[in-house]
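**Student:** Provide a 3D model corresponding to the input given below.
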Amino acid sequence: MRDFILKNGKTLRIDFVSSEDAFAILEYSKMIGSESDNLTFGPDGIPLTIDQEKVFLSRFSQERLYPMFVGKIDDEIVSIANLSGSNRPRLCHNGEIGMSVIKKYWHNGVGTTMMQVLIDQAKSTKIIENIYLKVRSDNQNAIHLYESFGFKKVGTYPRQLKINLQYFDTILMALLL
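**Tutor:** Numbers count the residues shown, from 1 in each chain. Have a look, this model is predicted:
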């Protein structure tokens with residue numbers, strides 16, 4: 001799809017996900033799950049087999065309204081971002097964003113670039129009018145990033161995450177396009 005130069009001078013290539021990425025994505029999920037407690041899964045990653053992941057990803061490879069993107073540096077997946085939603089007529093004007101970046105590339109512009117790609121994609125559909133996301137309430141770096149794009153806090157899910165017997169709230173944020 002497109003190449004972007006990051007703050008560290010490296011090239012981030014962002015493309016639509018492919019079922020060929022299944023193994024690398026499952027390995028990526030284990031890595032980021034072990035690096036951060038800001039995700040809905042831990043060090044075990046996403047509990048799918050490679051074949052199950054290929055089937056899951058194949059749905060996105062044909063999807064342009066609600067796509068999934070991979071960000072790669074030197075052929076290594078460093079970020080995954082997706083825009084999901086419903087095809088129901090009363091809901092299809094809404095999209096929800098999910099995004100992750102491996103820790104060694106935090107603060108290098110990867111998250112900012114992926115977020116811009118997601119917002120541009122949503123706008124290009126001429127269907128999506130609202131973008132929502134959930135973020136752990138104490139993840140100030142992510143909240144700051146989202147606010148820099150115009151997202152506003154619109155609600156809180158109390159105790160939505162439970163990690164090592166400790167509860168964490170998540171914040172619902174919205175961007176009205």
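**Student:** could I have the CA atoms of stretch 45-55 written out in CSV?
**Tutor:** What follows is stretch 45-55 as a C-alpha-only set of coordinates in CSV (Å, rounded to 0.1, in the frame of the first residue of the first chain):
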residue,chain,number,x,y,z
GLY,A,45,-1.3,-14.2,22.4
ILE,A,46,-4.4,-14.9,20.3
PRO,A,47,-5.7,-18.5,21.0
LEU,A,48,-6.0,-19.6,17.4
THR,A,49,-4.3,-22.2,15.2
ILE,A,50,-2.5,-21.0,12.1
ASP,A,51,-5.4,-22.4,10.0
GLN,A,52,-8.0,-20.6,12.1
GLU,A,53,-6.0,-17.4,11.8
LYS,A,54,-5.8,-17.8,8.0
VAL,A,55,-9.6,-18.1,7.8
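**Student:** ok, Thr103 - contacts?
**Tutor:** Quick fix: residue 103 reads Lys, not Thr. Going by C-beta atoms under 8 Å, 6 or more residues apart in numbering, Lys103 touches 32, 35-36. To be clear about C-beta, it is placed using only N, CA and C from the backbone, and glycine gets the same treatment.
**Student:** which ones among the residues you listed lie within strands?
**Tutor:** Using DSSP state E, no member of the contacts of Lys103 falls in strands.
**Student:** what bridges to the residue positioned nearest the centre of the chain?
**Tutor:** Nearest to the mean C-alpha position of the chain, by C-alpha atoms, centre = their mean, lies Met99 at 1.6 Å. Per DSSP bridges, the residues bridged to Met99 are Ala81.
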